[in-house]
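> Here is the input, now give the coordinates:
(one chain, ligands or ions: 1)
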Amino acid sequence: MKLTVLGSGSAFSTCGCNAGYLVDGRVLVDCGAPVPALVRRAATSIHAITLVLLTHFHADHSFSLPTVLGARAFADEAAPGALVIGGPVGTREYVARLLGDGYGSYVRHEVDTRVAPEYAVLQDGSDVELAGYRVQSHAVVHSTGPSLAYRLTDAAGASIGFSGDSEMCGGLRRSIAGCDLYVCECTGWDGPTPGGHLWRDEVASLMASNPGTRFLLSHLSARRHLPGALIAHDMLSLEISPDAT
Ligand SMILES: [Zn+2]
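Reported below is the predicted structural model:
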C-alpha cells in the first residue's frame, strides 16, 4: 500500500499545501491540495482515481475537488472506471454547491453527465467495501460537523488511518486501533489549538496508547520534531505493508 502526501499543511499554513493524500495512486483522501497537477508529479493521473473520500466540508480539505471533477469531465481521454465520492451525510449536496458556486451550472452539468460520480454516504460505524478497499468510518469532533476519520485496508491486510481534523475524542481513538500507519493531524506544537484540532502533547499521548501503529504527523502549521513520529512533507511517499511496524 503506497501513500503519497499531496498536502501536509494546515488551513492557513505556509509550510505545505492543504490536505490531500493519495493511496496506491487511485484513492484520494481529502482534496484541498492542487490535486490535478500534483498527481502528475506522483507519476499517476486523475483518471486513475476511483475513490475520493472527504473527511469534512472545510475548504482546506475540499476546494480542489471541482478541478479534479472538471479535469476528468473535459479531458480528451475518458476515465476507464467509475468514480465514487464518499463522505459524511450531505456530501452530494456539498459537491454540487462547490461546482455551481465555483464554475456555474454548465460545468456542474458536464460533471454530472460525463463523470457521473456515485456517492457513498458514510457515518460513524460504516464498514464498507469501496474501490477494492475496506473503508471504516468513525465520527470525530471538529469545529464543523459531520466530520469523519477513516481507516483503509487493502486486500493484503495493510491499513492506513486518517484522522481528518479532530480534537481528542472517542471516535479518533477508535480510528487508530490496529492501523499500520496513522496520518494524524498535528496542527499545534506549543499548546492547545482552537478550532477542534490536536497539538503535540495530545498526539504524543495517542502514540503512547498505540505502540503498534506508526504515526505520520500532517496538517502542520510548522514542521517540527516529535520523537517517534514521522513528519509529513508535500510529495512524501511511503510504502506500507501489514507488518510495517
Ligand atoms: Zn483542515
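> buried set for the longest helix anywhere in the chain?
In the chain, with assignment by DSSP state H, the single longest helix is helix 91-110. Of the residues in helix 91-110, those scored as buried under the neighbour-count criterion (16 or more other C-beta atoms under 10 Å) are 91, 94-95, 98-99, 103, 107-108, 110. C-beta: built from backbone N, CA, C; applies to glycine.
> What is that helix packed up against?
In terms of contact count using 3 or more C-beta pairs under 8 Å, 6 or more residues apart in numbering; DSSP states H and E, helix 91-110 is assigned the packing partners helix 65-73, strand 84-87, strand 118-121.
> Quick one: mean pLDDT for that helix?
Throughout helix 91-110, pLDDT has a mean value of 96.
> Taking their axis directions, that helix and helix 65-73 sit at what angle?
Calculated by axes from the mean of the first three to the mean of the last three C-alpha atoms, to 10 degrees, helix 91-110 forms an angle of 40 degrees with helix 65-73.
> just how off-centre is the helix or strand of the chain with the lowest mean pLDDT within its chain?
Comparing every helix and strand of the chain by mean pLDDT, DSSP states H and E singles out helix 35-41 as the least confident one, with a mean of 92. The chain centroid and the centroid of helix 35-41 are separated by 15 Å under C-alpha atoms, centre = their mean, to the nearest Å.
> Work out for me the element residue 149 sits within.
strand 147-153 (DSSP states H and E).
> partners of the helix or strand following that strand in the sheet?
As assigned by DSSP H and E, the chain's next helix or strand after strand 147-153 is strand 159-162. Note on strand 159-162: by DSSP bridges, its sheet partners are strand 147-153 (antiparallel), strand 181-185 (parallel).
> Is the ion within reach of the shortest one?
No. On the criterion C-beta under 5 Å from the ion, strand 181-185 is out of touch with the ion, staying 7.1 Å away.
> what does that strand contact?
3, 5, 10, 21, 29, 159-166, 175-176, 197-198, 203, 206, 210, 213-219, 232, 238, 240, 244 (C-beta atoms under 8 Å, 6 or more residues apart in numbering).
> next helix or strand past the least confident helix or strand of the chain?
Along the chain past helix 35-41, the next helix or strand (assigned with DSSP H and E) turns out to be strand 51-53.
> Could you pull up the mean pLDDT of the helix or strand encompassing residue 205?
Here residue 205 is covered by helix 200-209, with elements defined by DSSP H and E. Model confidence over helix 200-209, given as mean pLDDT, is 98.
> what sits up against that helix?
Residues outside helix 200-209 that contact it (C-beta under 8 Å, 6+ apart): 168, 172-173, 176, 184, 186, 188-190, 198, 213, 215, 217, 224, 226, 228-229.
> And for stretch 219-234?
Under the criterion C-beta under 8 Å, 6+ apart, residues 5-10, 12-13, 15-17, 19, 33, 38, 165, 183, 185-189, 193, 197, 200, 203-204, 207, 214-218, 238 lie in contact with stretch 219-234.
> Ok, stretch 110-126 next?
By C-beta under 8 Å, 6+ apart, the residues outside stretch 110-126 that reach it are 52-53, 66, 69-70, 72-74, 79, 82-89, 91-92, 95, 99, 128, 130, 135-139, 146, 148, 150, 171.
> any idea of the pLDDT on the residue nearest to the spatial centre of the chain?
Most central residue of the chain, judged by C-alpha distance to the mean C-alpha position with C-alpha atoms, centre = their mean, is residue 29 at 2.7 Å. If you check residue 29, the pLDDT there is 98.
> Need the nearest residue in space to it, chain neighbours excluded.
Residue nearest to residue 29 in three dimensions, not counting chain neighbours: residue 21, with 4.3 Å by C-beta to C-beta, 6 or more residues apart in numbering.
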